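K.L.:
just need the structure, nothing else, for what follows:
(chains A and B)
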Amino acid sequence: MKKYGPVRFLPIIYSIMRLSAFVIAVICCTVFIVFAHPPVYAQNPLDKTITINLNNEPLKQALDKITAVSGVNFTYSETVANSKVKIKLQAANKTLRQVLSEALAKYPYSFSALDQEVFIRYDAEKLKKSSIGTQVNAVDDKYTISGVIRSQKTGETIIGATVRVVGMPQGTSSNEYGFYSLTLPKGAYQLAISAVGQKNIVKDVVLHQDTKLNILLEDGEQELQSVNITAKAPGGRDLESTQMGVEKLSVRETKNVPVLLGEHDIIKTMQLLPGIKSAGEGGGGFYVRGGSADQNLILLDEAPVYNATHLLGFFSTFNSDAIKNVTIYKAGMPVQYGGRLSSVLDVKMNDGNNQNYGVSGGIGLIASRINVEGPIQKDRSSFLISARRTYIDAFLKLSKDTNVNRTSLYFYDLNTKANYILGDKDRLYLSGYFGKDVLSPDNTTGINWGNATGTLRWNHLFSNKLFSNTSVIFSNYNYKIKAQQAASNFTVFSQIRDWNVKEDLQWYADEKNTISFGVNSIYHTIKPGEISATGNSGVISQTLQSQYSLENAAYVSNSWKASSIFSLTYGLRLSAFSILGPGDFYMLNADGNITATRHYTQGQVVKTYINPEPRIAATLQVNDMASVKASYVRNVQNLHLISNSTSASPTDKWVASTNLIKPEISDQFSIGYYKDLSDHKYELTVESYYKSMDNQIDYRNGADIFTNQPIETQLLYGKGRAYGIELLIKKKTGRLTGWLSYTLSKTQRKIDGINDDNWYNARQDRTHDIALVTIYQLSPKWTLSANWVFSTGDAVTFPSGKYQVDGTNFYYYTERNAYRMPSYQRLDVGATKLLKQTKKFSSELNFSIYNAYGYANAYRIYFRDSKTDPGRTEAVKTTLFTFVPSVTYNFKF
Amino acid sequence: MMNIKHFSLFLIFAALLCSCDKVIDIKLNSSATKYVIEGMVTNEAGGAQVLLSQTKNFSDNNNFNGVDGAIITIEGNGAVNVCTAAGNGVYQANTLIGVPGNTYKLTINIKGNTFTASCTMPQIVTLDSVYVTVDNLNTNKDGSIRKYATVEYKDPAPVKNYYRFIQYLNGKKEKSIFVNNDEFTNGQEVNNPLNFNNDNDDPSRNIKKGDKLSIDMLCIDEAVYKYWYSLVDGASGNSNTASPSNPVGNIQGGALGYFSAHTIQHKVITAP
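P.N.:
So this is what the prediction gives:
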């Protein structure tokens, strides 16, 4: 049991902590002052009274004049701006509502309050009612309008932008590559396009042939409500869609949420959403709806990332600078995703600005970041390079203590991407990620690990209704341990490598049906361990048997918009997992001893597991403000992470299914209710789920996790179940934004050979989970934020007695996970000050305090002979982070 | 490979982030008492003995809870040897000397409970030498050089071998449990440092120049190895495992503990 002198790091950290004390004091004062000013009560702009004279003014000028006297701004589309309508009106001390009603009475425009502004829109319904204007053409001819939605400023494609037809139930949203396609009868329409973080726009379209319309959206400081734009299903979110159990976050949304050591981390922000639980204090690992950490499929530009954390789980591998957005599916996973039981975390990297060159970055307490992007050829191609590195080791080098200054301790990330628009129909993307951690007390001892992924993708439009994406993906994860013991040196190397080919098609078949289909094939190679040894230890250098497997899948699903209120998505994913030779495969008896061995040669198929994975989801839209959804999804997992440590370790073992390790299978049913409140200012989500899990894996008691025996000899199998209810209330507009989430849940396992074969709580079973996230825009310069989290403690195994063996105390256990850790709570606060903002350069300073009231949460509890009274035993609580302040400087030019 | 197995990354980082430990009050359930058996037969005279005790509640004191009044026999070498009670839960079979290759069967009767176990004594593997090595990476808490006893032996290739080492420093037994197998060292000349974590920073556990260092080498069977391994891994109260559990023992009938028939060799050196 060798421990590598942790003590040596303490003085450095201690001095960092002390240095920060001043900063904390400053922040505390600021926070106090800030909250002393309550926000001014907001009046409805339509209730303002005005006096005005308008004499045949064109509509736009008339509105400008009203703005001048009332101070109320208007938002409107080009149609309004270019309107030939002239307004004649006299009003004295009338409300704005009365004035506008009178002014627009005869014209096809209507108005509504939109936060502190008034939105004027072209209103087809009003036209019909007042019999003014042309009727919608009733001819049966249908045409398709399609294109790509991009940001005007950067040329980045926008994922999940909503495209709606004003006054009609039709609508769609852009796919992962910004592409949309909508088929409509011949006629004149207005399309309202909205996306998170972008200003809404309305486009006029006359459809008498298939039309290509690329749309550019402007960055918006605040997301405007699309509520007033369309008569049908407004709101920032898609109440019509059958997709449930999904959360989307853009980096913009997470920018102000305070985090540990100021390293903005989209995964940690995600852990504040219901149903997604942190896998330990400050950690980047997470559990979704009762599943374990390895049951999350983590994709970075479609490449699976096997170890998504740095520094033993305290930071995620996703550098926010390089990330466009993140979507997590907790239920109802679309058919193109498969391979993990609990969730899909789909991370998309930025494409790179194809308009202008830009450099941005940040300097933080533990790490610095730099991001460079720009056009290779304007409008056609761009690149992005984003790098991040920690520099704790630079401080360590300054130490005079040779034990400290020879220590290496760092991680870095490098995200690179290039894309090229080949023409109207084709686009190529090449993206890569390289990350590495090094942790070694000296040059003979330590560990390093890292991921590398590469993705080459080709978007092709076969027609304006058929979008294709072809990907070739490479993914590699490895670690290397070096150790020295007396006169011997050891290294252990382990690797998991994937080659992945994918063809994914989306066919916007007609107004009512959108069909997704495709195939995917992954070749996995897992090297569990190459051991090399020098010296006199007697350890024989050897290579443990590699595992080869081929994971194939084919899928198809249809999103059917049955009526204006009912939609159904149904599909099937068929997965086939083939275990390939060469290698020895075994038969075991109940005690885990080998009874027979069979050798397979290279390429020989040991076994193929074929599993149909049905997926179905339905939505019933109750009204413009509410919908009800239900879904069923089956997921199958053939790569399993076998871990028995309390914290995520880079050495946790990935194993593929074998003849003995069966594929894990989960079936999840969920229902949800979605309601927008108070004119779509608030979004309420209530979801409930039941999930069963088969072929769950755990270690036997007393398992040897580092063995050259077949891993199956150390394993037991069983089943699991998880159920719960999740509540989320979100406010996405106004100066105060944020959300409140609450989860009530249970997750249990029943493994043959553990806990007398009875059900027991899984370690991640936490009954209650509450998170409150608030962001307040105090002034154009200052943004304040705070999170508060509370959760029931993890289920743990504590002793129910003790005894002596060989003169030493050991502990006696009766039931697995029958105790609870103490409940967990924490408040984080943050403040961001915009230092400078010009067209060319902007900079900001970000302060945060993690665990601001210093609550001593238990990271773990262990038992030992009392240090003060050796005749007794005692329980000891380890606390990791209390009151961790940080400062980060960010810039962009 | 003990070194790599227990590569304790967690500790480095936990300390790095200024973790703090605090003794807390915690309410633990009490449990029905269980018998704990430590039975052994060695190849030395007087080595065959059984210690019988019971579990206690966590809040109780640490005094060894010996149980008298049991009828204990060890069957082997063609005879049934009755152990005689020496008081405080200690029972001895003074005349029983184990022979490598022979199987021994333990039977305990106490208050209507019967516990049995059997174990085959492995062949002797010679302890070639004991010497002291220096830890290049860590120093003792007081800043002195950290030293370990190192054992050298030649592992026999044809069979699986399991070893346990017991260290005495100036007559004081080191409480760390050292076990090893030949999974990665089959048939090799093995030099194995007996390194341990001085978790209570007790200076009397540190090897200093002139100390009397005595090592016992035990050749144990697979089940007993598994017992010691899983005892340290799962039941020490202080391991990093996510699911602590009772060790996997070789006693039938529902008692904790082990029955080990092992060979024993001693070597004593003076630390340089």
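
K.L.:
where exactly do the helices run in the stretch 351-500 of chain A?
P.N.:
Taking DSSP state H, counting those that start in this stretch to define them, one finds helices in the stretch 351-500 of chain A at A:392-398, A:402-405.

K.L.:
between the ones you listed, which gets the lowest average pLDDT?
P.N.:
For those, the bottom mean pLDDT is recorded on helix A:402-405, which sits at a mean of 66.

K.L.:
where does chain B dip in pLDDT?
P.N.:
The model of chain B has pLDDT under 70 over residues B:1-19, B:239-240.

K.L.:
what residue spans form the domains of it?
P.N.:
Residue ranges for the structural domains of chain B, counted by automatic domain parsing, are given in the record as B:35-120, B:123-245+B:262-270.

K.L.:
okay if I get these as TSV plus distance to A:Leu827 and mean neighbour count?
P.N.:
Every residue, glycine included, has its C-beta placed from N, CA and C. Compiled in TSV, the domains of chain B are given as follows (distance: least, Cβ to Cβ, whole Å; neighbours: other Cβ atoms under 10 Å in any protein chain shown):
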stretch	distance to A:Leu827	mean neighbour count
domain B:35-120	33	18
domain B:123-245+B:262-270	28	18
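
K.L.:
closest to A:Ile473 out of these?
P.N.:
The minimum distance between A:Ile473 and these falls on domain B:123-245+B:262-270, with 32.1 Å, by Cβ to Cβ.

K.L.:
and the closest one, how far from the chain's centre?
P.N.:
Shown here is domain B:123-245+B:262-270, whose average C-alpha point lies 9 Å from the average C-alpha point of the whole chain (Cα atoms, centre = their mean, to the nearest Å).

K.L.:
what do you get for stretch A:750-757?
P.N.:
Stretch A:750-757 sits 34 Å away from the centroid of its parent chain (Cα atoms, centre = their mean).

K.L.:
try stretch A:634-654
P.N.:
Going by Cα atoms, centre = their mean, the spacing between the C-alpha centre of stretch A:634-654 and its chain's C-alpha centre is 20 Å.

K.L.:
helices along the stretch 1-150 of chain B, start to end?
P.N.:
Applying DSSP H, counting those that start in this stretch to the stretch 1-150 of chain B gives helices spanning B:2-5, B:9-16.

K.L.:
again, but for chain A
P.N.:
Secondary structure of chain A (DSSP state H): helices at A:10-19, A:21-35, A:59-70, A:78-81, A:96-104, A:124-129, A:251-254, A:266-270, A:392-398, A:402-405.

K.L.:
neighbouring contacts of stretch A:870-877?
P.N.:
Outside stretch A:870-877, the residues within contact range by Cβ atoms under 8 Å, 6 or more residues apart in numbering or on different chains are A:802, A:809, A:822, A:856, A:858, A:860-867, B:21-26, B:28, B:58, B:61-63, B:237.

K.L.:
could you pick out the buried ones from these?
P.N.:
Among these, those classed as buried by neighbour count (16 or more other Cβ atoms under 10 Å in any protein chain shown) are A:802, A:809, A:856, A:858, A:860-865, B:26, B:28, B:58, B:62, B:237.

K.L.:
and those residues, which two are the farthest apart?
P.N.:
Farthest pair in the buried ones among the contacts of stretch A:870-877, by Cβ to Cβ: A:Ala856 and B:Asn62, 27.5 Å.

K.L.:
circling back to that earlier point, can I get the domains of chain B in TSV with distance to A:Lys719?
P.N.:
Formatted as TSV, the entries for the domains of chain B read as follows, by distance: least, Cβ to Cβ, whole Å:
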stretch	distance to A:Lys719
domain B:35-120	32
domain B:123-245+B:262-270	17
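
K.L.:
which of these sits closest to A:Ala331?
P.N.:
Nearest of the domains of chain B to A:Ala331, taken as Cβ to Cβ: domain B:123-245+B:262-270 at 26.5 Å.

K.L.:
mind checking how far A:Tyr600 is from chain B?
P.N.:
Between A:Tyr600 and chain B the computed distance is 24 Å (Cβ to the nearest Cβ, to the nearest Å).

K.L.:
B:Lys172 bridge partners, please.
P.N.:
Beta-bridge partners of B:Lys172, counted by DSSP bridges, are B:Leu169.

K.L.:
pick out the residue in the stretch 151-272 of chain B sitting closest to chain A.
P.N.:
The stretch 151-272 of chain B approaches chain A most closely through B:Ser230 (2.8 Å), counting by Cβ to the nearest Cβ.

K.L.:
list the contacts of the residue in the stretch 451-600 of chain A positioned nearest to chain B.
P.N.:
Taking Cβ to the nearest Cβ, chain B has its nearest neighbour within the stretch 451-600 of chain A at A:Gly538, 3.5 Å off. Listed by Cβ under 8 Å, 6+ apart, the contact set of A:Gly538 reads B:155, B:185, B:188-192.

K.L.:
and if you look at A:Val622?
P.N.:
The neighbours of A:Val622, taking Cβ under 8 Å, 6+ apart as the test, are A:565, A:628.

K.L.:
quick one: it from A:Val686, how far?
P.N.:
Distance of A:Val622 to A:Val686, given as Cβ to Cβ, to the nearest Å: 13 Å.

K.L.:
on that earlier part again, and the gap between the residue of the stretch 451-600 of chain A closest to chain B and B:Val159?
P.N.:
In this view, A:Gly538 and B:Val159 are 16 Å apart by Cβ to Cβ.
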